[in-house]
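1. Sequence first, then the predicted structure:
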Amino acid sequence: MQTIRVETPSAKYEVVTGSGLLETLAPRIERAVGRLPRRVFVLTSPEIWALWGHCMERSFGDAPVVLFLPAGERYKTIASVERLTREMVQAGGDRGSLLIAFGGGIVGDVGGFLAAIFMRGISYVQVPTTLLAQVDSSVGGKVGVNLPEGKNLVGNFLQPCAVFADIDVLGTLPDRELRAGLMESVKAGIIRDRALVRFMEEHADEVLARDAKALERVIAASIRIKADVVRRDERESGPRMVLNWGHTVGHALEQATHYKTMLHGEAVGWGMVAALHVARMRGTITGAQMERMEKLIHSYGPLPKLKVSAARVLAATGSDKKNVGGVRRFVLPVGIGDAGVVEDVGPEELEAAVKYMLVRARTAS
Ligand SMILES: NC(=O)c1ccc[n+]([C@@H]2O[C@H](COP(=O)([O-])OP(=O)(O)OC[C@H]3O[C@@H](n4cnc5c(N)ncnc54)[C@H](O)[C@@H]3O)[C@@H](O)[C@H]2O)c1
Ligand SMILES: [Zn+2]
């Protein structure tokens, strides 16, 4: 078990990762928030509750009120938030209530947003159940929902009171979800932690076989990186940008394929391949380093085939909402374990990178 402290200007909290956390959740939350309030809500999906609800519920004296959000991006909406807030009022929720977001990144983002606006704000705890949510979305306080016009366009920043990332729940996670989530750990290692890169290179088999020790090592290191970046830039005005390494082209791929065929982590996997090309051309990484990082990305694949044209992907990069005032901010690895943000990546450079990625996607096994 490992505990990582997150400190931002707005909050201080602990992220705990290890085995057996669900069974001891209530006393752990109690320790984090002082005293359990009269009304505790759990937001989850029917599938996750069927698999793991009994484990979590056991530790509570008074059973929490369970709220359900069906799985899928199409339910990450204001309509769901309205329904859920009404259910909370009807179940006696008040300003002192606590919400536990128990699920993947979607449940986490919607749960955090609910907590941010219910009765002008209540406390919440993240209990992430996907690898992506454990290493990325549950830490940092970005919460929100989608609009038909785009993803995550409505939301806020609200840090949780605590995060409990139980490795045991990953036992039922589909393999594809596990691998996609691990792309965020690969990303974190490449931009900030050489030792994590080395560990993920040397222990890919154990990590992918869900060996508890290996997973804990990767998850804790990834959280540490995220916590450190968030500490320095809670609202993503500068340094937090590095976490978007691989995401410019990654988001464009998701958008160009209408969020249907690719998981987020898979798109980021290809986005990192494209970004490596830009870094190599600019000389911030060597040819050998590029080869090593590409190999690492593929060892946590397979990444899906790409059935999009370079033009479609490039068009989609233009609408990346992280481009402040039209500046194309781009994160580049500097060697292995460091990264910087540049603002002058031109269309030709991006085009060459996307074309390189598409060639790799055709030739990758
Ligand atoms: N807030 C942030 O900083 C941040 C960062 C990255 C991503 N996100 C958001 O996270 C979302 C993606 O999250 P995700 O990848 O976790 O996807 P997800 O929440 O859709 O979960 C993936 C699937 O796995 C299932 N599942 C979850 N846990 C399981 C378990 N233990 N066993 C079996 N099945 C399980 C879910 O029901 C779902 O079908 C996106 O909406 C994205 O915008 C937010
Ligand atoms: Zn991501």
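-> That came through fine. Numbers count the residues shown, from 1 in each chain. Ligands and ions are numbered 1, 2, ... in the order given.
2. got the residues of the chain near ligand 1?
-> Taking C-beta under 6 Å from any ligand atom as the test, the list of the chain residues beside ligand 1 reads 45, 47-48, 51, 71, 73, 76, 103-107, 109, 129-130, 132-133, 136-137, 140, 142, 151-152, 169, 172-173, 177, 264. Just so you know, the C-beta spots here come from the backbone N, C-alpha and C atoms, and that holds for glycine as well.
3. Could you give me the ChimeraX selection string for whichever of the residues you listed are buried?
-> With 16 or more other C-beta atoms under 10 Å as the burial test, the buried ones among the residues of the chain next to ligand 1 are selected in ChimeraX as follows:
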select :45,48,51,76,103,104,105,106,107,109,129,130,132,133,136,137,140,142,151,169,173,177,264
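4. Just the residues of the chain next to ligand 1: which are in helices?
-> In helices, judged by DSSP state H, the following of the residues of the chain next to ligand 1 are found: 47, 48, 51, 105, 106, 107, 109, 132, 177, 264.
5. And the residues you listed, which two are furthest apart?
-> With C-beta to C-beta as the measure, no two of these lie farther apart than 51 and 264, at 21.6 Å.
6. Give me the contacts around whichever strand or helix holds residue 145.
-> Using DSSP states H and E, the element containing residue 145 is strand 142-147. Residues outside strand 142-147 that contact it (C-beta atoms under 8 Å, 6 or more residues apart in numbering): 73, 76-78, 80-81, 108-113, 115-116, 152-158, 236.
7. For it, buried residues please.
-> Of all the residues in strand 142-147, those buried under the rule 16+ other C-beta under 10 Å are 142, 143, 144, 145, 146.
8. would JSON lines of those with distance to residue 199 be doable?
-> JSON lines is the format used below for the buried residues of strand 142-147 (distance: C-beta to C-beta, whole Å):
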{"residue": "142", "distance to residue 199": "27"}
{"residue": "143", "distance to residue 199": "31"}
{"residue": "144", "distance to residue 199": "32"}
{"residue": "145", "distance to residue 199": "35"}
{"residue": "146", "distance to residue 199": "34"}
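9. and which of the residues you listed is nearest residue 30?
-> Closest to residue 30, out of all of the buried residues of strand 142-147 and judged by C-beta to C-beta, is residue 143, at 23.1 Å.
10. Setting the sequence-adjacent residues aside, check what's closest to that closest one.
-> In space, and not counting its chain neighbours, residue 143 is closest to residue 112: 3.0 Å by C-beta to C-beta, 6 or more residues apart in numbering.
11. check contacts around that neighbour.
-> Residue 112 makes contacts with 101, 124, 126, 141, 142, 143, 144, 158, 160, as judged by C-beta under 8 Å, 6+ apart.
12. Would you reformat those as TSV and include pLDDT and distance to residue 221?
-> Formatted as TSV, the contacts of residue 112 follow (pLDDT from 0 to 100; distance: C-beta to C-beta, whole Å):
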residue	pLDDT	distance to residue 221
101	98	23
124	98	25
126	98	18
141	96	20
142	96	21
143	98	24
144	98	27
158	97	25
160	98	20
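13. Nearest to ligand 1, out of the residues you listed: which one, please.
-> residue 142 (3.8 Å; C-beta to the nearest ligand atom).
14. if I look at the closest one, how far off is residue 113?
-> The gap separating residue 142 from residue 113 is 10 Å, by C-beta to C-beta, to the nearest Å.
15. distance of residue 125 from residue 281?
-> Taking C-beta to C-beta, one finds residue 125 at 45 Å from residue 281.
16. Next, find the distance separating whichever residue of the stretch 251-365 of the chain sits closest to ligand 1 from residue 178.
-> Going by C-beta to the nearest ligand atom, ligand 1 is nearest to residue 264 of the stretch 251-365 of the chain, at 5.7 Å. Using C-beta to C-beta, we find residue 264 at a distance of 13 Å from residue 178.
17. Great, nothing more from me.
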